[in-house]
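Trainee: Just to be clear, the model below is a prediction. Sequence and coordinates:
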Amino acid sequence: MELFRFANFIRLDNSLDYLSSKLALPESWSYSNPEKEYVEGNCAARFTLPILRNYLEHTYRRVRAEQKIHYTIDRRYSCFNTGLVTSNLEEIFAFFEQNKSLTPKSPYFFKAFIKKSDSDFLTYFSQNQPLPANYFGQPEFLLFNPMLELIPDIDHIIDDNKHRFPEPLKTAPSREVRKLLIGAIDDISKRARINYKLAIPQYYDGKIQLLLPLYLVSNHHPDLALVIDRINTTTYSARTCLTLGMAYNNARLIVCPHSEWLQP
């Protein structure tokens, strides 16, 4: 993880627990079924608070790319905006001090998660406040456009993601899986055209994509999330699908999803 190359974290689990349970606005940072997520290929599921770990790692990458990691003039202290807030909607920052060890593994070590009114933040960064990561450079990508055609690559979705499909379909004949997948994509495409809020934006590999629920074996709970890319002004493409945990991970980078179908 690139964040851990930037800074040494001592007692990381304690710091994450403090951030999630005492400092930040409460939300779920763990999977409801971590065993399933790990089996299906989401390696983060084996850690405590895996969604929060993923969120901080990718937030760090984004603010670094946007040059929003701030330093004191002597570079003794460093800070970035986590994008999280307290229950009183006060911004929360990750605060670091220069690592002066003779054999440093990382240039900094993690000091604490601090809120904007904290004395350390006011002392060192009140005149140079780090901004949160920005994912809204192309706002038209954040909403599903019902005028665009959705063209799925059915063979690619099945061949690359069979291990993520619900258990009955992992061993089912390809013809049956293909038929169910085509029907599920057609159904959710029609639903999204009359309710664009079904599509949830996610950030992955430097770009904004949309997620749609796929109901393959259940009519009440989605089994997978279909990933759709806006190719041009007329077309969406779909070439892969994710477990719901993986989809939530990526969606949470932009905003905490308030959706009936996408839950951790």
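Mentor: Looks like it came in fine.
Trainee: just for the chain, where's the confidence low?
Mentor: 39, 41, 102-104 (pLDDT under 70).
Trainee: Walk me through the domains of it.
Mentor: What automatic domain parsing lists as the domains of the chain is 2-125, 139-252.
Trainee: Quick one: end-to-end distance for the shortest one.
Mentor: Between the opening and closing residues of domain 139-252 we find a distance of 17 Å, counting by Cα to Cα, to the nearest Å.
Trainee: quick one: the helices in the stretch 1-150 of the chain?
Mentor: All helices of the stretch 1-150 of the chain, identified by DSSP state H, counting those that start in this stretch, fall at 2-6, 12-18, 34-39, 50-65, 119-125.
Trainee: Can you tell me which of those helices is most buried?
Mentor: Comparing the helices of the stretch 1-150 of the chain by mean neighbour count (mean count of other Cβ atoms under 10 Å), helix 50-65 ranks first with a mean of 19. (Each C-beta comes from the backbone N, C-alpha and C, glycine too.)
Trainee: Kindly present the domains of the chain as JSON lines, with separate columns for distance to Gln263.
Mentor: Output for the domains of the chain, formatted as JSON lines (distance: least, Cβ to Cβ, whole Å):
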{"stretch": "domain 2-125", "distance to Gln263": "7"}
{"stretch": "domain 139-252", "distance to Gln263": "7"}
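Trainee: ok so, going back, and Ala184, which of the helices of the stretch 1-150 of the chain is closest to it?
Mentor: Across the helices of the stretch 1-150 of the chain, Ala184 has its closest neighbour in helix 34-39 (19.4 Å, Cβ to Cβ).
Trainee: Can you give the contact residues for the closest one?
Mentor: Tyr31, Ala44, Ala45, Arg46, Pro50, Thr243, Gly245, Met246 (Cβ atoms under 8 Å, 6 or more residues apart in numbering).
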